[in-house]
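Q: What would the 3D arrangement of this be:
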Amino acid sequence: MQRPRPRLHPRLQAPEWFTADDSTLNVALVYPMQGPAGIFGPACEACARLAAEEVNRAGGVLGRELRLLEVDGGADPQRVAGEVEALVATGVVQGVTGWHISSVRQALAPRVAHRVPYVYTALYEGGERTEGVFLAGETPAGQLRPAMRLIGEARGVRRWFVVGNNYVWPRQTARAARRYARENRGRVCGEAYLPLGTDDFTDVLRRIEHADADGVLMLLVGSDAVRFNRAFGAFGLDRRCVRLSTLMDENMLLASGPEATRDLFSTAGFFASLANQDTLDFHGSYAARYGVDAPAPGSLGESCYEGVMLLAALVERARTLDVSAIGAAAEAVSYEGPRGLLRLRDRHVRQRIYLAEADGLDFTVLAQLDNGN
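A: Here you go, the predicted model:
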């Protein structure tokens, strides 16, 4: 029986200027507008739109104007997947990109990735193999493993306690963390998984104290991590435990406040405080476009810039929108942006990863990690 053609929700009707013809390449930009990750949603949108404008000034994609249509990636994963599938099936968009949690990616990929190229920009747990999905974010092997090793050596951390939200990314990352801790003569001495939107961390803070942990691996999203940081500092655990997060940007740091960021480390492929030429050029373009009051373009928002650039590079290299052809040409794709000159391997972007320490309301980059790239 033929599958019913999805209908476009009235809320998703494209504006009149959003044409769907051979003159444009329309892309669904899926990023969080609500929920814990909504704190960095504005930066996601700003960075993606800056990239689209730069692509269009350079001639577009296959001579077409690249246009972005926003979709709220902070909604229920099945709802997000249904909305994007409708946009794809009705021909409104010819590609998908953006930052959203892994639960959304897992719902979305099987429904659209065989039809249009899908560039997922978030750091994630690794292992995505769906045809048509291309990954611009960091994975635990290249991000968390060397960071745990370096902090273990420098600070003597041996007893890690994992605090994460209760979904696939924190749970799968914690599995890897157990292995990484053993490699460094340590162990994971406790784990706690909390619903998205948690605001009371009293019980888990007591568990961390009783476990005698000297390191906390934070796998919390957005405002959940902000509230945890504040509670952690108020509880006094920052005087006995370091914290390491693979998802902590400058907007989250600012919201946490300087009194809540003592001995807080973050690891990512981009930090706003990097002083290399690629980062400085990006900051110049971002400030010229949005002014000094724009949201901080941290690693999570900046990843959406990478997503637009990678999607454009993939289509340009393949000279077609056919997903199979794009996949066949992907290994030859490269592009240049705030993270430098990047290439794909096994449909994942290979990039430099850094370890940074919170210094008040900013990050100080301590080292480039040895992650094999």
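
Q: contacts and neighbour counts: CA atoms only from here.
A: Will do.

Q: Report how many residues lie close to the closest residue in space to Pro42 that isn't next to it in sequence.
A: Among residues not flanking Pro42 along the chain, Pro295 sits closest, at 6.6 Å (C-alpha to C-alpha, 6 or more residues apart in numbering). Pro295 has 19 neighbours, counted by other C-alpha atoms under 10 Å.

Q: So for Pro295, what pLDDT did the model give?
A: Here, the pLDDT recorded for Pro295 equals 90.

Q: State the distance from it to Tyr120.
A: Going from Pro295 to Tyr120 by C-alpha to C-alpha, to the nearest Å gives 21 Å.

Q: try Gly35
A: Applying C-alpha to C-alpha to Gly35 and Tyr120 gives a distance of 19 Å.

Q: On the three-state scheme, the most centrally placed residue in the chain is what?
A: The residue lying closest to the centre of the chain (C-alpha atoms, centre = their mean) is Ala122, at 2.4 Å. At Ala122 the chain is in coil, as set by DSSP: H, G, I helix; E, B strand; the rest coil.

Q: check contacts around it.
A: 98-101, 135-138, 300, 303 (C-alpha atoms under 8 Å, 6 or more residues apart in numbering).

Q: From those, list the buried ones, please.
A: 98-101, 135-138, 300, 303 (16 or more other C-alpha atoms under 10 Å).

Q: returning to that earlier point: sort out for me which of the contacts of Ala122 are in strands.
A: Per DSSP state E, strands hold the following members of these: 98, 135.

Q: could you redo the contacts of Ala122 as JSON lines and give each row distance to Leu342 and pLDDT?
A: Formatted as JSON lines, those follow (distance: C-alpha to C-alpha, whole Å; pLDDT from 0 to 100):
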{"residue": "Gly98", "distance to Leu342": "18", "pLDDT": "98"}
{"residue": "Trp99", "distance to Leu342": "18", "pLDDT": "98"}
{"residue": "His100", "distance to Leu342": "22", "pLDDT": "98"}
{"residue": "Ile101", "distance to Leu342": "23", "pLDDT": "98"}
{"residue": "Leu135", "distance to Leu342": "12", "pLDDT": "98"}
{"residue": "Ala136", "distance to Leu342": "10", "pLDDT": "97"}
{"residue": "Gly137", "distance to Leu342": "12", "pLDDT": "97"}
{"residue": "Glu138", "distance to Leu342": "13", "pLDDT": "97"}
{"residue": "Leu300", "distance to Leu342": "17", "pLDDT": "96"}
{"residue": "Ser303", "distance to Leu342": "13", "pLDDT": "98"}
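
Q: give the contact list for Ala177.
A: 144-145, 188.

Q: May I see these arranged in TSV, with distance to Ala113 and neighbour count as well?
A: Shown next, in TSV, are the contacts of Ala177 (distance: C-alpha to C-alpha, whole Å; neighbours: other C-alpha atoms under 10 Å):
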residue	distance to Ala113	neighbour count
Leu144	28	27
Arg145	29	21
Val188	36	22
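
Q: Now for Glu153, how many residues are close by?
A: The local packing of Glu153 (other C-alpha under 10 Å) involves 12 other residues.

Q: Helix or strand: which one has it?
A: Using DSSP states H and E, Glu153 maps to helix 140-155.

Q: So which elements touch that helix?
A: In terms of contacts (3 or more C-alpha pairs under 8 Å, 6 or more residues apart in numbering; DSSP states H and E), helix 140-155 is packed against helix 168-183, strand 264-268.

Q: just the helices in the stretch 151-300 of the chain please.
A: Along the stretch 151-300 of the chain, counting by DSSP state H, counting those that start in this stretch, helices occupy 168-183, 202-210, 223-235, 250-256, 277-290, 299-318.

Q: Is it possible to get a markdown table of the ones you listed that adds distance to Val333?
A: What follows is the helices of the stretch 151-300 of the chain, written out as a markdown table (distance: least, C-alpha to C-alpha, whole Å):
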| stretch | distance to Val333 |
| --- | --- |
| helix 168-183 | 27 |
| helix 202-210 | 45 |
| helix 223-235 | 35 |
| helix 250-256 | 30 |
| helix 277-290 | 19 |
| helix 299-318 | 6 |
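
Q: if you compare the ones you listed, which one is most tucked away?
A: Mean neighbour count (mean count of other C-alpha atoms under 10 Å) peaks for helix 299-318 among the helices of the stretch 151-300 of the chain, with a mean of 25.

Q: tell me what that helix is packed against?
A: Secondary-structure packing of helix 299-318 (3+ C-alpha pairs under 8 Å, 6+ apart): helix 41-57, strand 95-98, strand 118-120, helix 323-329, strand 334-337.

Q: name the element Leu68 belongs to?
A: Using DSSP H and E, Leu68 sits within strand 65-72.

Q: can you pull the buried residues of that strand?
A: 65-72.

Q: And stretch 126-137, by the same measure?
A: Those would be 126, 128, 131-137, for stretch 126-137 by 16+ other C-alpha under 10 Å.

Q: okay, it in PDB with CA atoms only?
A: Output in PDB follows, covering the C-alpha atoms of stretch 126-137 (Å, rounded to 0.1, in the frame of the first residue of the first chain):
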ATOM      1  CA  GLY A 126      29.200   8.400  17.600                       C
ATOM      2  CA  GLY A 127      28.100   5.500  15.400                       C
ATOM      3  CA  GLU A 128      25.700   7.100  13.000                       C
ATOM      4  CA  ARG A 129      25.800   5.200   9.700                       C
ATOM      5  CA  THR A 130      22.500   6.200   8.000                       C
ATOM      6  CA  GLU A 131      23.100   6.900   4.300                       C
ATOM      7  CA  GLY A 132      22.700  10.600   3.500                       C
ATOM      8  CA  VAL A 133      23.700  11.700   7.000                       C
ATOM      9  CA  PHE A 134      26.900  13.700   7.300                       C
ATOM     10  CA  LEU A 135      28.400  14.600  10.700                       C
ATOM     11  CA  ALA A 136      30.100  17.900  11.500                       C
ATOM     12  CA  GLY A 137      30.300  17.500  15.300                       C
END
